[in-house]
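A.B. asks: sequence first, then the predicted structure, then my questions.
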Amino acid sequence: MLLIADGGSTKVDWCLIDQGKIVTRVYTSGANPFFRNREDISQELNLKLVPKLQSQAVEAVYFYGAGCAFPEKNQIIKDAIADNIDTDKIEVNSDLLGAAIGLCNNQPGIACILGTGSNSCFYDGRNIVKNVAPLGFILGDEGSGAVLGRMFVGSCLKNQFSKDIREQFLAHINMDVSQLLDRVYKQPLANQFLASLAPFIQGNIHESSVYNLVYQAFIDFFRKNVMQYDYKEYPVFFTGSVAYYFKDILSEVAASLNVHIEKIEQSPMNGLIQYHACSNS
């Protein structure tokens, strides 16, 4: 059996598969090694993942995760998995490679992630050969949940939305302005908190001011990322919760920029399962 993981900054989707069929599916918290250490991740896997595997033999583990683009960070994930699963093969790669494989399989294309964070690449059918640095939600991550949340909070507190939206928003998060600023600036995982505001944003997308904010965020993503690749020659693929739940606006923006989107998937997991089932058959 193979264990495949698609790890974002908010959650990790683990699938134990046998001959291409899902035997067990488990979700754990995000395991970005920039924000969590080996001991923390290992403990959670021991409590939440291992019991669900029911002592079944795992031939190999393939982990694709946010923050897993550097050898020293990948080792944190690899060690945490090795603490809990007895297998000779553990491969840790970036969530971007996972998205490219899951979306494009062995065909060239431009693979994009819009989730808690955002990223993109040109994939030649085997490897990522070009990547525009995502830079995180302060300097980059255009169009991501964290950036949508950051833009929304800033606009809300600077009176760019109606008084009604502002009041609804503060009631929704059950915070006053002081508590909100403390949560963003002084508490850990501000990116996850800001990304958690995406459902509220989507629920108010009928308001023109909110719609325009999301539209502009996606314009920024295409111009600063997708349009740096050969987007007129190769298809563009998207995965991630923001891409999936805001796909109507995302498609409108793409059309306005003459970018062809081939596919928008909530998760690359189905493609990853197919790829690894074939590779290990």
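C.D. replies: Received the coordinates, thanks. Numbering: from 1, shown residues only.
A.B. asks: quick check: phi and psi on the closest residue to Asp86 other than its chain neighbours?
C.D. replies: Excluding the flanking residues, the one nearest Asp86 by Cβ to Cβ, 6 or more residues apart in numbering is Val58, at 7.5 Å. Using the backbone N, CA and C atoms, a C-beta is placed for each residue, glycine as well. For Val58, the backbone dihedrals (degrees, to the nearest 10) come out as phi -110, psi 120.
A.B. asks: list the contacts for the nearest residue in space to Gln107 that is not next to it in sequence?
C.D. replies: Excluding the flanking residues, the one nearest Gln107 by Cβ to Cβ, 6+ apart is Gly125, at 5.5 Å. Taking Cβ atoms under 8 Å, 6 or more residues apart in numbering, we find Gly125 in contact with Cys104, Asn105, Asn106, Gln107, Pro108.
A.B. asks: out of those residues, which one sits closest to Asn174?
C.D. replies: Cys104 (41.9 Å; Cβ to Cβ).
A.B. asks: can you turn the buried part of the contacts of Gly125 into a ChimeraX selection?
C.D. replies: Selecting only the buried entries of the contacts of Gly125 in ChimeraX, with 16 or more other Cβ atoms under 10 Å as the criterion:
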select :104,108
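A.B. asks: widest-spaced pair of the contacts of Gly125?
C.D. replies: Farthest pair in the contacts of Gly125 (Cβ to Cβ) is Asn105 and Pro108. Separation: 10.4 Å.
A.B. asks: which residues touch stretch 136-145?
C.D. replies: So stretch 136-145 is contacted by 114-118, 133-135, 146-147, 150, 190-191, 194-198, 217-218, 220-221, 224-225, 241-242 (Cβ under 8 Å, 6+ apart).
A.B. asks: for that stretch, list every residue counted as buried.
C.D. replies: Neighbour-count burial for stretch 136-145 flags Phe137, Gly140, Asp141, Glu142, Gly143, Ser144, Gly145 (criterion: 16+ other Cβ under 10 Å).
A.B. asks: make JSON lines out of those residues and add pLDDT, secondary structure and distance to Asn212.
C.D. replies: Converted to JSON lines, the buried residues of stretch 136-145 look like this (pLDDT from 0 to 100; DSSP: H, G, I helix; E, B strand; the rest coil; distance: Cβ to Cβ, whole Å):
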{"residue": "Phe137", "pLDDT": "88", "secondary structure": "helix", "distance to Asn212": "20"}
{"residue": "Gly140", "pLDDT": "92", "secondary structure": "coil", "distance to Asn212": "21"}
{"residue": "Asp141", "pLDDT": "95", "secondary structure": "coil", "distance to Asn212": "19"}
{"residue": "Glu142", "pLDDT": "97", "secondary structure": "coil", "distance to Asn212": "15"}
{"residue": "Gly143", "pLDDT": "97", "secondary structure": "coil", "distance to Asn212": "14"}
{"residue": "Ser144", "pLDDT": "97", "secondary structure": "coil", "distance to Asn212": "18"}
{"residue": "Gly145", "pLDDT": "96", "secondary structure": "helix", "distance to Asn212": "18"}
